[in-house]
Every structure is written in C-alpha cells, then in structure tokens.
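>>> structure, please.
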Amino acid sequence: MTDLQTIIAAELAEPVDPRVVAMAAAVAAQHGQASLAVLFYGSCLRECQLDGLMLDFYLIVSDYGAAYSKRWMAAANRLIPPNVFPFAHAGLAAKYAVLSSADFEALNRPEASTVSVWARFCQPVRLVWVKGEGIAEGVSALIIDGVGQASATLTQLARPMADGADADSVWRAGFALTYTCELRAERGSRSGSIVDSDPLRYARIAAALPSISAMSRDEAQKRWAKLRRHGKLMSVVRLAKASLTFAGGIDYIAWKINRHAGTAIQIKPWQRRWPLLGAITLVPKLFASGAIK
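Numbers count the residues shown, from 1 in each chain. Alright, predicted model coming up:
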C-alpha cells in the first residue's frame, strides 16, 4: 500500500458505535445481493452524536438493476445518481444514498461533473459494512482507492484557488468552493468547521497525496465555474427526484433548511400530496429569502 492508502485504510477501519454497524447491516439488507459496502460519514460521525439526528450512509452496490425490484428506480439511480432513501432502525433515523461501484469510482475523480460525491468522501468516513469474505478484500480496495481519490480531486482543483500553498489553506479553499457548487442552507463558516474538526487529519492526508500536474488559476476558475453551474442545476433536479424517491422527503428538506438557516418553513398539505410540484415551487422562495444559496 502507498502511504495514502495506509492512512485511508486505517481511518475506514476505526470503530464506531455498534448501533451504526447494526443500522448499516440493515441498510445493506434492503438491497440484497447487490449490496457491496456501506459507508458512514457526515456530521454525526464528526460530532460523535447519534440520538435526535439523522445519520448519513452511502450504500455501494454492484449494479442498479440488481439493487431494485422496480425498473424505474434503477433507471432514476442510473440517470441521476444517487437515489436517496430515509431509513429507521432501533430508534435511530438515517438517510442513505445508493451508488454503483462504477459511479463511486467515476464520481470521485476530477472529471466528475458535480462535487457531490468527492466533496463528501474527502471528509472522514468509516467502512461499517462490507459483503462477505469472498469479495471483501476487493471491495475494500475499491473503497480505499475511491476515498483517496476524493482527497486528490479536491486538492488538485483547490490548490490554484487557495490564498496560500500550505495544506490548511488548500483544504479550506476547497471546502468553501464545494459549498458554492450545491444548494446549501448552512452558514458560510460551516465549510471551515470541517477542517477545524480535525486539522491534523487533513495535514496527514495532504502530505501523503501523490504529486499531480499543476493546474493554472485560470483553468481552475473555469472548472469551478462549470461545477457551480452544473452543480446548482443538479441540486434542484435531485431535490425534485428526492421528493418522489424519499418518503417524507419534502418534510426532511424543510427540517434541514430550518435547522441550518434558522428559518421557519412549514410544508402545506398540498405540497405533501404533490411532493414533486411542492419541491419545485419551494426552490424560488428559498433563494429569494436567502435560506439557501
């Protein structure tokens, strides 16, 4: 293993609350033999808090067709990855996103058209479930490579945009830029708090990253502009899709925005009855009020 792979492998294997492991196994069971691995990430992992919050998981599957009994669900996941679902287990609430192994690999690379996957996997993540012994080693290698690639992608794109050449400046610039590429209800300072949660971790990973060809600032600016345009559009598309695939999705959207932006959005009965239309009509109001940016 390279130094980066060793660091990532050790981090993926760090222990978590047994309730997280149990929930991950229950998530994998929802998609049968197609399930390959479950990754735990997000604020609940960083803050070591589970109760009263919504846990975040990614489920990696072998193939979308094998993961669903309904063809339209597989088609939706293939066309606009990932599909996102709510989940509850043993008193805890979660949401999980479904990605094929091929999409997991492709969407962690700098060529990806949105930041949505690599911006999450360059943060702390734990491998909390992996398919049986026969293929576990190969699946783990896939996850290690993908998570390592996510960090390489962020630093490659962020380095020309950073105020300084040091690792801390690059990480902070990268996370701040990714927040401009999605619809976000969080305060502007939240991207910096990601690095503040474990600055030594980000320094270690930066030191272990392989050398990459330098990108000019002009090239980087054009790339980020494209990521912002496409990312905002895809955020709206995914929001609309989630209103169909995510039971109670429109209520979750309102809850998350209220939590992070300090708003008091209330979903009307007609919006629950027609969630796709409700989600679409909600977006302009959120922009106008400044609740999302």
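
>>> work out for me the element the closest residue to Ser197 other than its chain neighbours sits within.
Nearest residue to Ser197, sequence neighbours excluded (Cβ to Cβ, 6 or more residues apart in numbering): Arg46, at 4.9 Å. All C-beta atoms are positioned from the backbone trio N, CA, C, and that covers glycine. Following DSSP states H and E, one finds Arg46 within helix 43-47.

>>> and after the helix or strand that contains Ala173, which helix or strand comes next?
Assigned by DSSP H and E, Ala173 belongs to helix 167-179. Toward the C-terminus, helix 167-179 is succeeded by helix 190-196 as the next helix or strand (DSSP H and E).

>>> which strands or helices does that next one pack on?
In terms of contacts (3 or more Cβ pairs under 8 Å, 6 or more residues apart in numbering; DSSP states H and E), helix 190-196 is packed against helix 167-179.

>>> ok, and what's touching the helix it packs on?
The contact list for helix 167-179 (Cβ atoms under 8 Å, 6 or more residues apart in numbering) reads 115, 119, 122, 154-155, 157-159, 161-164, 186, 188, 190-192, 194-195, 199, 202-203, 206-207, 224.

>>> buried stuff in the strand or helix carrying Gly65?
Using DSSP H and E, Gly65 maps to helix 64-67. Across helix 64-67, burial judged by 16 or more other Cβ atoms under 10 Å covers 64, 67.

>>> same check on stretch 87-101?
Within stretch 87-101, judged by 16+ other Cβ under 10 Å, the buried ones are 87, 89, 92-101.

>>> from those residues, which is closest to Asp3?
Nearest to Asp3 among those is Ser101, at 24.5 Å by Cβ to Cβ.

>>> I figured the closest one hits Tyr64, correct?
No. Counting by Cβ atoms under 8 Å, Ser101 does not reach Tyr64; the two are 10.6 Å apart.

>>> on contacts alone, who are the packing partners of whichever strand or helix holds Leu200?
For Leu200, the element it lies in under DSSP H and E is helix 199-208. In terms of contacts (3+ Cβ pairs under 8 Å, 6+ apart), helix 199-208 is packed against helix 3-12, helix 133-158, helix 167-179.

>>> tell me which of the ones you listed sits most buried.
helix 167-179 (a mean of 22; mean count of other Cβ atoms under 10 Å).

>>> could you pull up the mean pLDDT of that helix?
If you average the pLDDT over helix 167-179, you get 96.

>>> strands of the stretch 1-150 of the chain, start to end?
Ranges of strands in the stretch 1-150 of the chain, per DSSP state E, counting those that start in this stretch, are 35-41, 54-61, 83-89, 92-100, 125-130.

>>> let me see the residues that make contact with the second one.
Outside of strand 54-61, the residues that reach it under the criterion Cβ under 8 Å, 6+ apart are 20, 23-24, 27-28, 31, 34-45, 67, 82, 87, 92-101, 104, 120, 128, 139, 142-143, 252.

>>> residues in contact with Val16?
By Cβ under 8 Å, 6+ apart, the contact list for Val16 reads 40, 45, 126, 128.

>>> returning to that earlier point: just give me the lowest mean pLDDT stretch among the strands of the stretch 1-150 of the chain.
The minimum mean pLDDT among the strands of the stretch 1-150 of the chain belongs to strand 83-89 (a mean of 90).

>>> coming back round to it: out of the buried residues of stretch 87-101, which is nearest to Ser235?
Ala97 (13.8 Å).

>>> that closest one and Val84 touch, don't they?
Yes. Applying Cβ under 8 Å as the test, Ala97 and Val84 come out as touching, 4.9 Å apart.
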